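**Student:** Dropping the sequence and predicted coords here.
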Amino acid sequence: MFQIQSNIDVHSAAFKKNQSGYRALLDQFHSRMEQVHRGGPESAIKKHKSRNKLLARERIDLLVDRNTPFLELSSFAAWDQYRNQFPAAGIVTGIGLLHNRETVIIANDATVKGGTYIEETIKKHIRAQEIALENHIPIVYMVDSGGVFLPEQDKVFPDKYDFGRIFFNQSRLSAEGIPQVAIVMGSCTAGGAYVPAMSDEAIIVRNQGTIFIGGPPLVKAATGEDVSAEELGGADVHTRISGVADHLAENDTHAIQICRNIFEQMNPPLKQELSMEPIEPPACDPAELYGLIPVDPKKPIDPREIIMRLVDGSKFQEFKQHYAPTIVTGFARIMGYPVGIIANNGVLFSETSLKATHFIELCNFRKTPILFLQNITGFIVGKEYEHKGIAKDGAKLVHAVSTASVPKFTVIIGGSYGAGNYAMAGRAFDPRLLFMWPNARISVMGGEQAAEVLSRVKIDQLKAAGEEVPKEEIRKIKEGILHKYADESSAWYSTSRLWDDGIIDPVDTRKVVAMGIAMSLNKPYPDPRTGVYRM
């Protein structure tokens, strides 16, 4: 591969101005990250610790292999909702290493409303299970939850992807032979009692963990029986009498060590093999990304400048370099792993779609994971392009992305609008992981276009009714739409609702993608079902 050369002057005034603007975004990102990592209110944290219990992230730190990274998912779930009373939606999920084996970890944060589940908590829990299922990696449930948050019961109980889906997924995971271990470190009530009951092995902490279908208040109301939580479903009951739990732990630390011992005895998975190379840092400093990424989403950036700061040795073997230049495709390595990269460099034309489709087929046959770098306004519009068949050529790309037999990973580095989001492996197209940079934007179209379209519709309606259209009213309509789209298209709005797997610092992209590829190797990639068709 050739090392690509940068054309950016990192000493220029424009670069430094952009760098300063982006660092302001990062300061906001890190400040908010600190806020959600604190968990619940100080009073709840003190009460939790007074019971000699570790916090959720402290538990995870002890569980994963020492000096290995933990990739936390959806840290900002429920951000700026519920008056910010549910930081991280009251649950910590992510991917870490246990005895050098990639593992999904789902840990309730009991300092946040007792670890109860709102809509976003359930989405986050289910998303973590989906990742485990798709990549064939084990799950550890660190249970400390009061179950459903009752004031929001209508949003969390009855539908297909509500609370019951957790247990449906546990059954599917078990049927696929994917190990599940539950550590009951606190309350485990009502439907939540099925989490340890449906796991391969369950650990419970003495005088701390409890498992019951109905807690003492419900038992009293239903039967008149007075019983304590420990008598009803404590650790001694479930390890000595009921057999619901398999291992008795004295405290959090002991429980975590038992879990690690369980993992030590597991058989290794059958892995997909990739041709590995020694890891090289990028020849161009990744920190220069801060000066490259436009804070203004309307400003273009050559994606090669991004790529050379993400890939090993800044080496990139570009495919069809001189054809259909509004998309950049090629092969590189990230942390030693081979990867095919598809990056936007403008709108999608017919030839752009065909080029990307051809490249996806190459990746399928070479069993090379694909990284999509999204910065896309969408497909080209207009009479000329419709006559040339943009719809059918775009459909080829959508079909290729949908049926790709290799893992897909998506990072939204700029704008993600309309059908361009779909064609570049948006959430609906099941990338193994999808992350956003702090500057990213996502919506059906840009705010300016939406304001123009919707104001034009309003004008036409008024004219059809024989009414005049005051300029001031048009201006107010446009301003309202622009404000709405500015808010609802932000990375923060997206990540709060789990349209992605989290916001990441651009310089961490290499590590995040590498961890994703490593995770994907726990299940062999299927063979493609078609040949390579030149487009």
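**Tutor:** Alright, I've got the coordinates. Numbers count the residues shown, from 1 in each chain.

**Student:** Can you verify my assumption that residue 433 contacts residue 412?
**Tutor:** No - the pair residue 433 / residue 412 is not scored as a contact, 11.8 Å apart, by Cβ atoms under 8 Å. Where you see a C-beta, it was placed from the backbone N, CA and C, and this is true even at glycine.

**Student:** Look at those two and report which has more neighbours.
**Tutor:** A count of neighbours by other Cβ atoms under 10 Å puts residue 412 above the other of residue 433 and residue 412, at 28 against 25.

**Student:** now that one: how far from residue 22?
**Tutor:** Using Cβ to Cβ, to the nearest Å, residue 412 is found at 15 Å from residue 22.

**Student:** top helix in the chain by residue count?
**Tutor:** helix 13-37 (DSSP state H).

**Student:** for that helix, packing partners?
**Tutor:** With contacts defined as 3 or more Cβ pairs under 8 Å, 6 or more residues apart in numbering; DSSP states H and E, the packing partners of helix 13-37 are helix 289-292.

**Student:** and the helix it packs on, average pLDDT?
**Tutor:** In this model, helix 289-292 carries a mean pLDDT of 95.

**Student:** Just checking the distance from it to the centre of its chain.
**Tutor:** Distance, stretch centre to chain centre, for helix 289-292: 23 Å (Cα atoms, centre = their mean, to the nearest Å).

**Student:** Follow the chain on from it and name the next helix or strand.
**Tutor:** Per DSSP states H and E, the first helix or strand lying C-terminal to helix 289-292 is helix 303-307.

**Student:** which residues touch the helix or strand following that following helix?
**Tutor:** Next along the chain after helix 303-307, taking DSSP H and E as the criterion, comes strand 317-319. Outside strand 317-319, the residues that touch it by Cβ atoms under 8 Å, 6 or more residues apart in numbering are 1, 2, 4, 304, 328, 329, 330, 331, 332, 355, 359, 362.

**Student:** buried ones in strand 317-319?
**Tutor:** 318, 319 (16 or more other Cβ atoms under 10 Å).

**Student:** For stretch 169-176, the averaged confidence score.
**Tutor:** The average pLDDT within stretch 169-176 is 98.

**Student:** Return it as CSV; C-alpha atoms alone will do.
**Tutor:** The C-alpha coordinates for stretch 169-176 follow below in CSV (Å, rounded to 0.1, in the frame of the first residue of the first chain):
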residue,chain,number,x,y,z
ASN,A,169,-33.2,-12.5,23.7
GLN,A,170,-31.8,-14.6,26.6
SER,A,171,-33.6,-17.6,25.2
ARG,A,172,-32.2,-17.0,21.7
LEU,A,173,-28.7,-16.4,23.1
SER,A,174,-28.8,-19.7,25.0
ALA,A,175,-30.1,-21.5,21.9
GLU,A,176,-27.1,-20.2,20.0
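
**Student:** Show me which residues of that stretch are buried.
**Tutor:** Within stretch 169-176, the residues that count as buried by 16+ other Cβ under 10 Å are 169, 170, 173.

**Student:** what's the answer for stretch 87-100, then?
**Tutor:** Buried residues in stretch 87-100, counted by 16+ other Cβ under 10 Å: 87, 88, 89, 90, 91, 92, 93, 94, 95, 96, 97, 98.

**Student:** Spatially nearest residue to the fourth one (excluding sequence neighbours)?
**Tutor:** Counting by Cβ to Cβ, 6 or more residues apart in numbering, residue 112 is the residue found nearest to residue 90 once chain neighbours are left out, at 3.6 Å.

**Student:** got it, and the first one?
**Tutor:** Among residues not flanking residue 87 along the chain, residue 36 sits closest, at 4.2 Å (Cβ to Cβ, 6+ apart).

**Student:** burial count for that neighbour?
**Tutor:** Quick note: residue 36 (other Cβ under 10 Å) scores 21 neighbours.

**Student:** I'd say it and residue 74 touch.
**Tutor:** No - using Cβ under 8 Å, residue 36 is not in contact with residue 74, being 10.2 Å away.

**Student:** what residues are shared contacts of these two?
**Tutor:** Joint contacts of residue 36 and residue 74 (Cβ under 8 Å, 6+ apart) are residue 88.

**Student:** Can you tell me what sits against stretch 289-303?
**Tutor:** Where contact means Cβ under 8 Å, 6+ apart, the residues beyond stretch 289-303 that reach it are 7-8, 10, 15-16, 18-19, 21-23, 25-26, 305-306, 309, 328, 343-346, 373, 375, 413-415, 437, 439, 441, 446, 506-507.

**Student:** Please list only the buried members of those.
**Tutor:** Among these, the ones that count as buried by 16+ other Cβ under 10 Å are 8, 15, 18-19, 21-22, 25-26, 305-306, 309, 328, 343-346, 373, 375, 413-415, 437, 439, 441, 446, 506-507.

**Student:** Using the three-state scheme, assign residue 400.
**Tutor:** helix (DSSP: H, G, I helix; E, B strand; the rest coil).

**Student:** what's the distance between it and residue 303?
**Tutor:** Separation of residue 400 from residue 303 (Cβ to Cβ) stands at 19 Å.

**Student:** higher neighbour count, the two?
**Tutor:** residue 400 (23 against 20).

**Student:** So that one sits against residue 360, correct?
**Tutor:** Yes - the pair residue 400 / residue 360 is scored as a contact, 4.4 Å apart, by Cβ under 8 Å.

**Student:** From the contact counts, what lies against the least confident helix or strand in the chain by mean pLDDT?
**Tutor:** When the helices and strands of the chain are scored by mean pLDDT, DSSP states H and E, helix 447-464 comes last with a mean of 81. Secondary-structure packing of helix 447-464 (3+ Cβ pairs under 8 Å, 6+ apart): helix 471-488.

**Student:** Distance from the helix it packs on to the middle of the chain?
**Tutor:** So, by Cα atoms, centre = their mean, the centroid of helix 471-488 is 31 Å from its chain's centroid.

**Student:** Please apply the same query to stretch 293-302.
**Tutor:** The chain centre lies 23 Å from the centre of stretch 293-302; the measure is Cα atoms, centre = their mean.

**Student:** List the buried residues for it?
**Tutor:** Buried residues in stretch 293-302 (16+ other Cβ under 10 Å): 293, 297, 301.

**Student:** and what of stretch 238-246?
**Tutor:** Buried residues in stretch 238-246 (16+ other Cβ under 10 Å): 238, 239, 244, 245, 246.

**Student:** can you check stretch 134-152 too?
**Tutor:** For stretch 134-152, burial by neighbour count (16+ other Cβ under 10 Å) applies to 135-149, 152.

**Student:** and if you look at stretch 216-230?
**Tutor:** Across stretch 216-230, burial judged by 16+ other Cβ under 10 Å covers 216, 219, 230.

**Student:** contact partners of that stretch?
**Tutor:** Contacts for stretch 216-230 (Cβ under 8 Å, 6+ apart): 187, 207, 210, 212, 214, 215, 232, 236, 237.

**Student:** Over to that stretch now: how far is its first residue from its last?
**Tutor:** End-to-end distance for stretch 216-230, by Cα to Cα, to the nearest Å: 10 Å.

**Student:** How about stretch 261-276?
**Tutor:** Stretch 261-276: ends 30 Å apart by Cα to Cα.

**Student:** got the buried residues for it?
**Tutor:** By neighbour count on 16+ other Cβ under 10 Å, the buried set for stretch 261-276 is 262, 263, 269, 272, 274.

**Student:** The third one touches residue 519, doesn't it?
**Tutor:** It refers to residue 269. No - counting by Cβ under 8 Å, residue 269 does not reach residue 519; the two are 11.1 Å apart.

**Student:** Report the set of residues contacting both of those two.
**Tutor:** residue 137.
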